[in-house]
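Student: With the sequence up front, the predicted model follows.
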Amino acid sequence: MTTIDKFLSDIQKTIKYDRANNGGHYDAKRACTQIAKIFATNNRNLGTLAVSISDYWLNTYILGSQDLANEPSEENIERIKAFQSFADNEEDADFSIFTSDDWETLRDFVDDVAEDLDLDSLQNMMNLILQNGALE
């Protein structure tokens, strides 16, 4: 099982668990907050970068959603999956879901913690950011 597969499994379990433990009533905000925490925990090797990315996903795409009750939408699952691929430095991943604002935010987050990242991770992340035009 790949990191992405495990993460997607954890997302589905979180959604199912929230519904099951609340009398069949799903609370999207609570479930998505838990998903963001799982992301940060899974990527604790990135330190505060993982927390910044998960908070960005939660605040920008979930809490700002017009349909919060039905989050995470398939699109937002794909988005956090792409963030996981970025955290894993997967150069061949599909990042097409990211907007230019997402790339610029990732650039800023990586810049903020650059001295705390291992050199390989920093180089790979900056290369992904450069390939997607956010260093101009």
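Tutor: Nice, thanks for sending it over.

Student: CA atoms for contacts and neighbours, from now on please.
Tutor: Fine.

Student: any low-confidence regions in this protein?
Tutor: Residue ranges of the chain with pLDDT under 70: 134-136.

Student: 90 - rerun?
Tutor: 1-3, 22-24, 91, 132-136 (pLDDT under 90).

Student: Return the residue of it that is most distant from the centre.
Tutor: Most distant from the centre of the chain: G23, at 28.3 Å, with distances by C-alpha atoms, centre = their mean.

Student: ok, now how distant is that one from R107?
Tutor: The gap separating G23 from R107 is 42 Å, by C-alpha to C-alpha, to the nearest Å.

Student: do N127 as well
Tutor: Per C-alpha to C-alpha, N127 is found 10 Å from R107.

Student: Among these two, which residue is more densely surrounded?
Tutor: Neighbour totals were compared for N127 and R107, and R107 leads with 18 against 15 (other C-alpha atoms under 10 Å).

Student: How about residues contacting stretch 4-20?
Tutor: For stretch 4-20, the external contacting residues (C-alpha atoms under 8 Å, 6 or more residues apart in numbering) are 25-27, 30-31, 34-35, 38-39, 81, 84-85.

Student: Sorry, wrong one. I was asking about stretch 33-48.
Tutor: Contacts of stretch 33-48 (C-alpha under 8 Å, 6+ apart): 7, 10-11, 14, 50-51, 54-55, 57-58, 84, 87, 113, 116-117.

Student: can you name the two of those residues that are farthest apart?
Tutor: Within the contacts of stretch 33-48, T14 and D116 form the most distant pair, 30.4 Å apart (C-alpha to C-alpha).

Student: higher neighbour count, the two?
Tutor: T14 (18 against 14).

Student: Tell me which helix or strand that one sits in.
Tutor: helix 3-20 (DSSP states H and E).

Student: tell me how far that helix is from the chain's mean position?
Tutor: Centroid separation between helix 3-20 and its chain, computed with C-alpha atoms, centre = their mean, to the nearest Å, is 14 Å.

Student: After that helix, which helix or strand is next?
Tutor: Heading C-terminal from helix 3-20 (DSSP H and E), you reach helix 28-42.

Student: quick revisit: the contacts of stretch 33-48, buried ones only, as a PyMOL selection?
Tutor: Command for PyMOL that selects the buried part of those, burial taken from 16 or more other C-alpha atoms under 10 Å:
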select buried, resi 7+11+14+50+51+54+55+57+58+84+87
